[in-house]
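Colleague: Here is the input, now give the coordinates:
(chains A and B)
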Number of protein chains: 2
Amino acid sequence: MNLILLLQEDFITETCVRLQGRRLKHVLEVHRANVGDELSVGMKNGLIGTGTVSRLDPSVLEMDVRLDRKPPAALPIALVLALPRPKVLRRVLRAATVMGVKRIFLINAYRVEKSYWLSPFLESGALGQQLVLGLEQARDTVLPDVVLRPRFKPFVEDELPAVIKETFPLVAHPAAGDPCPRNVTGPVTLAIGPEGGFIPYELEALAARGFKPVSCGERILNVETAVPALLSRLF
Amino acid sequence: MNLILLLQEDFITETCVRLQGRRLKHVLEVHRANVGDELSVGMKNGLIGTGTVSRLDPSVLEMDVRLDRKPPAALPIALVLALPRPKVLRRVLRAATVMGVKRIFLINAYRVEKSYWLSPFLESGALGQQLVLGLEQARDTVLPDVVLRPRFKPFVEDELPAVIKETFPLVAHPAAGDPCPRNVTGPVTLAIGPEGGFIPYELEALAARGFKPVSCGERILNVETAVPALLSRLF
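Modeller: Numbers count the residues shown, from 1 in each chain, chains lettered A, B, ... in the order given. All right, here's what the predicted structure looks like:
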């Protein structure tokens, strides 16, 4: 937790917050803070700044908060991700959030196991928890928007054209001839397939909408590795 | 498993292998292969090629193997990593292997918890398992060399000078002024600190040996994200 994410309801006065539970525990056990210490804080979807500890005991943390800086810039990307298995999804969402992704579409594909869509992890509370962990790691405050699209064809036909508008649409595909571009300047939409990849029909549907297949070289990356690797290469 | 890694002892004739256990199970349950199918195979630390299934039943898989291609090129990098907690280490080792790292030094640092060095995961069998999973993912065959160095100072003073010789030594440090370089052409030694970072004494010891601090921008990446992100930016 490199930043403590604050919610509106944490404020007990204009500038003072009172925290309990997970955040209190972390400050006690990991930061091992004392009264007077300054901690990095940020307002959910708002500014970042400093919290000066004014009270700290095993039951409560109070801080005087000054919020005066913008959070780090977001990456200009929409990530379109074939739903991975729940354990992997958790880590991928966290990694994407840490890297600064703000729009994530979790979509179906032929090689996505149907059972993944039934995972309790897809409930918004569980998803949101990973996003918060990612923000706290990266010292960011702006929650990504995560959207579930369990039907491939309607998503690609009806919704994707608006998503990719004025972006450079790329699909990661190990067999692609062209390497993933480096250091692009404009916004990107990046589609990443399931384990085993998109099937030809899916690749064709994406290509028909302007997606260019790009590869990371000869190696086949797992999605957890591909997401930070591709984001870091693109931007 | 995008490639089945073969060992010398799998060969029952010059060109035929017999597999049981984990690899058999994977071919039965995930590949769902049949006699006559061609699967990607590779010889541990050797060539890659094709295995044609000649026998497959719940107790045994036999393949006629043709090994005729080099595995993907290795990354010209030595990774010097402050030992992360065991769960994270597993994923980091796998990611580094997937990306093509072949030399990994796991070192101590002030902020590495002492208990991490006692983890049963540091036994070579457990480490090796993650490396094999990484090779199978990336279709590589060359096992990385993983070295444990539980004492920081002797490692940095006595061993590191030879490691960094003729490489560009970089230390990932979120507060560094210079960004991590992109698309370098020569070999690199990359040091990555523990959660919370290297302490000033450690950074100075690395700087005294020529390490240049570089950052990934304002965001603080967790080590699991930093490793693929930095490797992908460097090469």
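Colleague: Next, the most centrally placed residue in chain A: phi, psi?
Modeller: Nearest to the mean C-alpha position of chain A, counting by Cα atoms, centre = their mean, stands A:T97 at 2.6 Å. Main-chain dihedrals, A:T97, degrees, to the nearest 10: phi -70, psi -40.
Colleague: Next one: it relative to B:L231, how far apart?
Modeller: Separation of A:T97 from B:L231 (Cβ to Cβ, to the nearest Å) stands at 20 Å. Where C-beta positions appear, they are placed from N, C-alpha and C, glycine not excepted.
Colleague: swap in A:I192?
Modeller: Between A:I192 and B:L231 the distance is 18 Å, computed by Cβ to Cβ.
Colleague: again with A:E123
Modeller: Remark: distance between A:E123 and B:L231 (Cβ to Cβ) = 34 Å.
Colleague: neighbour-wise, which of those two wins?
Modeller: The neighbour comparison of A:E123 against B:L231 (other Cβ atoms under 10 Å in any protein chain shown) goes to B:L231, with 25 against 9.
Colleague: which secondary structure elements does the helix or strand harbouring that one contact?
Modeller: Secondary-structure assignment from DSSP states H and E places B:L231 in helix B:223-234. In terms of contacts (3 or more Cβ pairs under 8 Å, 6 or more residues apart in numbering or on different chains; DSSP states H and E), helix B:223-234 is packed against helix A:86-99, helix A:223-234, strand B:77-82, helix B:86-99, strand B:188-192.
Colleague: Using JSON lines, please lay out these together with distance to B:A205 and mean pLDDT.
Modeller: Formatted as JSON lines, the helices and strands packed on helix B:223-234 follow (distance: least, Cβ to Cβ, whole Å; pLDDT from 0 to 100):
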{"stretch": "helix A:86-99", "distance to B:A205": "28", "mean pLDDT": "97"}
{"stretch": "helix A:223-234", "distance to B:A205": "27", "mean pLDDT": "96"}
{"stretch": "strand B:77-82", "distance to B:A205": "12", "mean pLDDT": "98"}
{"stretch": "helix B:86-99", "distance to B:A205": "23", "mean pLDDT": "97"}
{"stretch": "strand B:188-192", "distance to B:A205": "10", "mean pLDDT": "98"}
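Colleague: Which positions in chain A make contact with chain B?
Modeller: With Cβ under 8 Å from any Cβ of the partner chain as the criterion, chain A comes near chain B at residues A:2, A:72-73, A:91, A:94-95, A:98-100, A:137-140, A:182-183, A:216-222, A:224-226, A:228-233.
Colleague: Quick one, which of those are buried?
Modeller: Taking 16 or more other Cβ atoms under 10 Å in any protein chain shown as the criterion, what is buried in those is A:2, A:72, A:91, A:94-95, A:98-100, A:137-140, A:216-217, A:219-222, A:224-226, A:228-233.
Colleague: Excluding chain neighbours, what is closest to A:L47?
Modeller: A:L67 (4.0 Å; Cβ to Cβ, 6 or more residues apart in numbering or on different chains).
Colleague: Over to the one you found: give its phi and psi.
Modeller: Taking degrees, to the nearest 10, you get phi -110, psi 110 for the backbone angles of A:L67.
Colleague: Look up which residues are beta-bridged to it.
Modeller: Counting by DSSP bridges, A:L67 forms beta bridges with A:G49.
Colleague: doesn't A:K44 make contact with it?
Modeller: No - with contact defined as Cβ atoms under 8 Å, A:L67 does not count as touching A:K44 (11.2 Å).
Colleague: domains for chain A, by residue range?
Modeller: For chain A, automatic domain parsing gives the domain ranges A:4-69, A:77-234.
Colleague: most tightly surrounded among those domains?
Modeller: Of all the domains of chain A, domain A:77-234 has the most neighbours on average by mean count of other Cβ atoms under 10 Å in any protein chain shown, namely a mean of 19.
Colleague: Could you work out the end-to-end span of that one for me?
Modeller: 10 Å (Cα to Cα, to the nearest Å).
Colleague: Check the offset of that domain from the chain's centre.
Modeller: Centroid separation for domain A:77-234 versus its chain: 10 Å, with Cα atoms, centre = their mean, to the nearest Å.
Colleague: could you pull out the helices for chain A?
Modeller: A:21-26, A:86-99, A:124-138, A:152-154, A:160-164, A:200-208, A:223-234 (DSSP state H).
Colleague: which stretch among those helices comes nearest B:V80?
Modeller: helix A:223-234 (19.3 Å; Cβ to Cβ).
Colleague: thinking again about what came up before, quick one, which of the helices and strands packed on helix B:223-234 is nearest to A:L39?
Modeller: Counting by Cβ to Cβ, A:L39 lies closest to helix A:86-99 out of the helices and strands packed on helix B:223-234; the figure is 19.2 Å.
Colleague: could you say what helices and strands the closest one packs with?
Modeller: strand A:103-107, helix A:124-138, helix A:223-234, helix B:223-234.
Colleague: Need the ones you listed in a markdown table (columns: distance to B:I164).
Modeller: Shown next, in a markdown table, are the helices and strands packed on helix A:86-99 (distance: least, Cβ to Cβ, whole Å):
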| stretch | distance to B:I164 |
| --- | --- |
| strand A:103-107 | 39 |
| helix A:124-138 | 29 |
| helix A:223-234 | 23 |
| helix B:223-234 | 15 |
